[in-house]
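Colleague: Need the 3D shape of this:
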Amino acid sequence: MTKRRIVVTGGTAGIGFAIAKRLLLDGHSVFICGHDAERLQAAIASLAAAAPDRVHGKLCDVRRLQDVQDMIAAARSALGGVDGLINNAGVAFIEDFESVTPEQWSEIIDTNLTGVFNCCHAALPALKEAALQGPSDIINVGSRSGRYSFKGGTGYNTTKFGLQGFTEALFLDLSRIGIRVGLIAPGTVATGLGGTSPQDWHLRPDHIAHAISAMLDAEANACMNWIEIRPSRPPA
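Modeller: Sure, this is the predicted structure:
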């Protein structure tokens, strides 16, 4: 496995933290971001216990392009470059449409869609530079909710359907310059996102991290463009 320099957004908890932990175990260097200073420092301290010289981070609100540009600049400086971007930061709510507020709608669109655009846009120069030397990847953490709607999902379904289309179009744009673009679409993960209570049958964050590790480790001329993960034991 080629050792990589990877940015993980939303890396302070849940799936993002599990991804960062797995990538460090694989020998990569990782830069995480989050929007809560206390959680960010706690996550860095926990991750650094096993890899003190290969984990860094910065506060960042992915909804704000300037924040993202500053974060990517810090990652390039700390890691000596960036050749992997994992867009994991996201929010969710489950509400009947009549109860959805304009503020909720703006937050979920700005985080789950515009946030991914901001990160890809800001990281593109670094990823293009890295692609001249070896593998360069963008992996977006989507959801099975990007293909299958659910009641109360007008906000979340919209963003995950949109992220799927964005990812597929971005692959077509960037594959010609050597940047692989893929999406991982998990079923329900036991993180409590959107107020969903974790259940024994839910996927675990480690399942998603393991799959992303495999995506990054693919042969240079192969792109795992779409991976869907479902619980092997569905609810009773």
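
Colleague: Now do the buried residues in the lengthiest helix in the chain.
Modeller: For the chain, the helix reaching the highest residue count under DSSP state H is reported as helix 154-174. Neighbour-count burial for helix 154-174 flags 154-164, 166-167, 170-171, 174 (criterion: 16 or more other C-beta atoms under 10 Å). (Each C-beta comes from the backbone N, C-alpha and C, glycine too.)

Colleague: So which elements touch whichever helix or strand comes after it?
Modeller: Past helix 154-174, further along toward the C-terminus, the next helix or strand under DSSP states H and E is strand 180-186. With contacts taken as 3 or more C-beta pairs under 8 Å, 6 or more residues apart in numbering; DSSP states H and E, strand 180-186 sits against strand 137-141, helix 154-174, helix 205-216, strand 226-229.

Colleague: and the ones you listed as a markdown table, adding mean pLDDT and distance to residue 147?
Modeller: Shown next, in a markdown table, are the helices and strands packed on strand 180-186 (pLDDT from 0 to 100; distance: least, C-beta to C-beta, whole Å):
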| stretch | mean pLDDT | distance to residue 147 |
| --- | --- | --- |
| strand 137-141 | 98 | 14 |
| helix 154-174 | 98 | 7 |
| helix 205-216 | 96 | 17 |
| strand 226-229 | 95 | 8 |
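
Colleague: Export those to JSON lines and append columns for distance to residue 85.
Modeller: JSON lines is the format used below for the helices and strands packed on strand 180-186 (distance: least, C-beta to C-beta, whole Å):
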{"stretch": "strand 137-141", "distance to residue 85": "5"}
{"stretch": "helix 154-174", "distance to residue 85": "11"}
{"stretch": "helix 205-216", "distance to residue 85": "11"}
{"stretch": "strand 226-229", "distance to residue 85": "17"}
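
Colleague: Could you work out the end-to-end span of stretch 170-183 for me?
Modeller: Distance between the boundary residues of stretch 170-183 (C-alpha to C-alpha, to the nearest Å) amounts to 11 Å.

Colleague: about what we covered before: next, the angle strand 137-141 makes with the longest helix of the chain.
Modeller: Computed by axes from the mean of the first three to the mean of the last three C-alpha atoms, to 10 degrees, the angle separating helix 154-174 from strand 137-141 equals 170 degrees.
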